[in-house]
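K.L.:
just coords:
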């Protein structure tokens with residue numbers, strides 16, 4: 001505002017200096033028009049960039065009016081959670097006293113995205129931009145306060161002194177204040193003017209701070225923003241607004257349509273189910289100051305839908321009969337979804353029904369197409385009462401299943417699964433690369449609808465699993481013996497992984513001669529998934545509390561874990577070679593051998609498979625990159641064995657260690673695999689027909705993979721893990737000195753008979769020497785490695801000196817002399 005005053009003073013002085021009276025109205029000249037535009041721009045900047053210019057509620061200072069003086073006869077009134085009145089352009093909430101102090105969940109979404117401002121994963125219709133819990137409370141001086149609520153701390157019993165101490169130290173913030181415009185006719189409610197609060201910008205009804213940052217949301221432009229509608233339903237309100245913002249990273253403006261849902265949370269929260277690390281669920285958590293009198297405890301409980309038998313069915317449920325829940329889980333399919341994919345998405349949702357039957361419920365999860373808006377105009381995809389698979393017209397190749405939960409109990413209230421259109425392109429490429437050798441249907445650029453539909457169904461089931469509360473289970477696929485992945489009958493019965501929540505999408509081990517069907521190639525819901533849903537959703541009417549469930553559930557988990565295929569491992573157990581993305585089978589070396597066999601079959605056929613008339617070689621380039629990426633996955637799966645540690649989470653009642661070193665024999669096998677498939681150059685990748693069409697550098701293709709592997713094998717982390725494992729378990733571990741000897745031997749096989757060293761091996765050896773030299777300067781943190789590496793460099797230097805005069809190939813001699821020069825400073 002200061003800038004406006006300065007401009008006015010400057011302009012006034014200019015008028016006076018030109019003999020003009022600033023009070024007299026005169027026809028605008030060009031200068032005045034320019035000034036006026038500058039003034040308006042400045043006003044807009046000041047009103048949009050200054051947060052304090054947006055009222056946190058309203059500034060009413062007068063005493064309340066009479067009800068019918070405020071709510072005039074021409075008011076449009078809608079009854080529901082709150083009664084909503086529209087009087088001319090003003091909106092009023094009539095809040096009953098019975099809802100004061102009740103927890104309200106606010107979820108904000110984009111109803112219509114703005115053109116040209118979408119970021120990678122946000123900015124599309126249906127995207128969530130805010131999520132918080134609030135309460136309306138009556139204050140002094142005829143005010144209603146809005147308080148934001150969090151549930152990070154808890155002190156248990158409200159009658160204890162500890163409870164009072166926690167409450168005193170955790171006063172929840174007030175975020176808005178509203179003057180009461182009138183009291184309800186019977187004195188059991190308060191009317192507040194909500195217009196300014198909705199028309200403004202705040203992180204309660206609209207963008208959260210993180211969403212503002214991600215989408216580069218600047219200030220709001222008030223004269224291009226307005227309330228479109230406010231609807232009230234029995235348990236929720238839906239607010240539609242048009243918002244125009246400055247873009248914080250540019251001078252652009254953009255307009256969005258936003259939907260804000262205000263939902264009444266249950267007065268009595270659902271019973272919690274405490275989390276267990278041996279079954280993978282997303283969790284809510286809080287710090288409890290009361291459960292442990294000698295400290296604090298972080299209490300975690302799982303996120304799950306509220307599934308309970310109907311009271312009249314409780315006896316049947318107790319007897320083990322399947323019953324329908326009081327409220328089933330219903331997912332709607334976005335009307336924007338191409339019709340031919342709708343049946344497959346619905347199947348991906350309802351495939352979970354068999355899992356809920358294990359928990360005692362039938363028809364517990366249902367898929368429906370969204371209602372026709374012309375028949376049901378009040379039905380909205382953004383309404384937080386509805387869960388949906390939302391179709392995004394996007395070039396992003398992804399899908400995601402976020403959930404909204406009640407933090408008091410972990411109850412999932414709704415989920416909007418984001419389905420990005422371009423996901424189908426990456427599904428096509430993955431399946432062609434991993435299963436093209438086994439499935440002739442995958443040997444072309446456009447899959448038949450039935451094949452693509454089954455790929456869609458599998459991904460939909462995975463994302464729905466997330467929206468049911470399940471996390472990734474990256475350990476599941478490692479429980480399947482590799483040879484079973486080639487057994488048609490076994491795969492028909494079990495699938496190639498016990499969990500669709502693993503990233504074990506397709507069976508790349510199966511060979512063409514195995515004649516494996518679709519059921520053995522594409523991931524589907526498995527044994528672990530059935531058990532995980534039973535663990536999370538079975539209702540226990542005869543166990544009186546969540547705490548009493550713990551020993552019962554612990555016993556059930558221990559019993560299940562006797563079968564390895566019920567094992568869960570978090571994706572964050574990064575040191576465990578069994579817990580990897582995009583791997584299958586119990587032995588990565590064996591699985592990688594089969595996988596590489598299939599890639600060798602694909603490479604010479606790739607040009608024909610990717611041919612599309614009247615197009616260039618973009619498809620060929622894309623699928624060739626898919627092959628090299630898949631090959632790198634196989635190398636990485638094996639590399640993780642070196643210095644690896646198994647982690648098997650157990651309760652104190654289970655015998656055996658939680659952590660154990662990967663046996664030395666497996667680590668040696670891993671190093672031998674790497675020698676065969678990357679230290680010895682994979683020239684099968686260098687198809688001249690392909691490279692002549694896509695223009696990639698053959699030397700670089702192999703060198704990049706070699707460098708990635710050596711960076712891992714000679715990283716501080718890997719060497720430290722090997723040394724630590726040796727210190728703890730000398731008989732079982734791979735000794736560091738033996739590991740370095742084996743690796744070094746694989747590097748210099750040509751020096752045994754002074755043979756020619758090819759270009760790909762020369763690159764490998766140069767990088768190996770460089771890595772050792774770097775390590776020799778920075779290994780003080782682990783003295784054994786320091787001694788071994790410096791001794792190894794001395795050995796290499798002597799070996800080079802001996803080999804140079806006996807080697808005949810000129811380029812090999814130059815190479816060895818070059819390395820000898822690098823090692824000149826080594827004693």
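P.N.:
Arrived safely. Keep in mind the model is a prediction, meaning the values are calculated, not measured.

K.L.:
contacts and neighbour counts: CA atoms only from here.
P.N.:
Noted.

K.L.:
Counting neighbours, what do you get for residue 339?
P.N.:
For residue 339, the neighbour count with other C-alpha atoms under 10 Å is 9.

K.L.:
do you know how far it is from residue 398?
P.N.:
20 Å (C-alpha to C-alpha, to the nearest Å).

K.L.:
just residue 618 next, same as before
P.N.:
The value you get for residue 618 to residue 398, if C-alpha to C-alpha is used, is 21 Å.

K.L.:
Likewise for residue 280?
P.N.:
22 Å.

K.L.:
what does residue 335 give?
P.N.:
With C-alpha to C-alpha as the criterion, residue 335 and residue 398 are 19 Å apart.

K.L.:
what does residue 329 give?
P.N.:
24 Å.

K.L.:
Can you tell me the element residue 106 falls in?
P.N.:
Using DSSP states H and E, the element containing residue 106 is strand 104-112.

K.L.:
Which SSE is immediately downstream of that strand?
P.N.:
Counting by DSSP H and E, what follows strand 104-112 is strand 128-139.

K.L.:
ok, then the element right after that following strand?
P.N.:
strand 143-149.

K.L.:
what does that following strand contact?
P.N.:
For strand 143-149, contacts defined as C-alpha atoms under 8 Å, 6 or more residues apart in numbering pick out 103, 132-139, 172-180, 192.

K.L.:
In ChimeraX, how would I select the buried members of those?
P.N.:
Buried subset of the contacts of strand 143-149, written as a ChimeraX selection, criterion 16 or more other C-alpha atoms under 10 Å:
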select :103,132,133,134,135,136,137,138,174,176,177,178,179,180,192
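
K.L.:
how does this structure divide into domains?
P.N.:
2-52, 67-264, 311-609, 683-822 (automatic domain parsing).

K.L.:
For residue 531, list the residues it contacts.
P.N.:
Listed by C-alpha under 8 Å, 6+ apart, the contact set of residue 531 reads 355, 358, 566.

K.L.:
one step back: neighbour count winner among residue 618 and residue 398?
P.N.:
Neighbours were counted for residue 618 and for residue 398 using other C-alpha under 10 Å; residue 398 has more, 18 against 13.

K.L.:
wait, what's in contact with the more buried one?
P.N.:
Contacts of residue 398 by C-alpha under 8 Å, 6+ apart are 419, 420, 422, 423.

K.L.:
any idea which of those residues has the most stuff around it?
P.N.:
Of all these, the highest neighbour tally under other C-alpha under 10 Å goes to residue 419, namely 25 neighbours.

K.L.:
What's the separation between residue 180 and residue 652?
P.N.:
58 Å.

K.L.:
I misspoke; the intended subject was residue 175.
P.N.:
46 Å.

K.L.:
from what I can see, residue 419 looks like it's in a helix, true?
P.N.:
No - counting by DSSP: H, G, I helix; E, B strand; the rest coil, one finds residue 419 to be strand, located in no helix.

K.L.:
Bridged to it, which residues?
P.N.:
residue 391, residue 399 (DSSP bridges).

K.L.:
what residues are up against it?
P.N.:
By C-alpha under 8 Å, 6+ apart, residue 419 lies in contact with 389, 390, 391, 392, 398, 399, 400.

K.L.:
The third one and residue 416 touch, don't they?
P.N.:
No - the pair formed by residue 391 and residue 416 falls short of the contact definition of C-alpha atoms under 8 Å, at 10.0 Å.

K.L.:
quick revisit: format the domains of the chain as a markdown table; extra columns: distance to residue 272.
P.N.:
Compiled in a markdown table, the domains of the chain are given as follows (distance: least, C-alpha to C-alpha, whole Å):
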| stretch | distance to residue 272 |
| --- | --- |
| domain 2-52 | 39 |
| domain 67-264 | 14 |
| domain 311-609 | 5 |
| domain 683-822 | 39 |
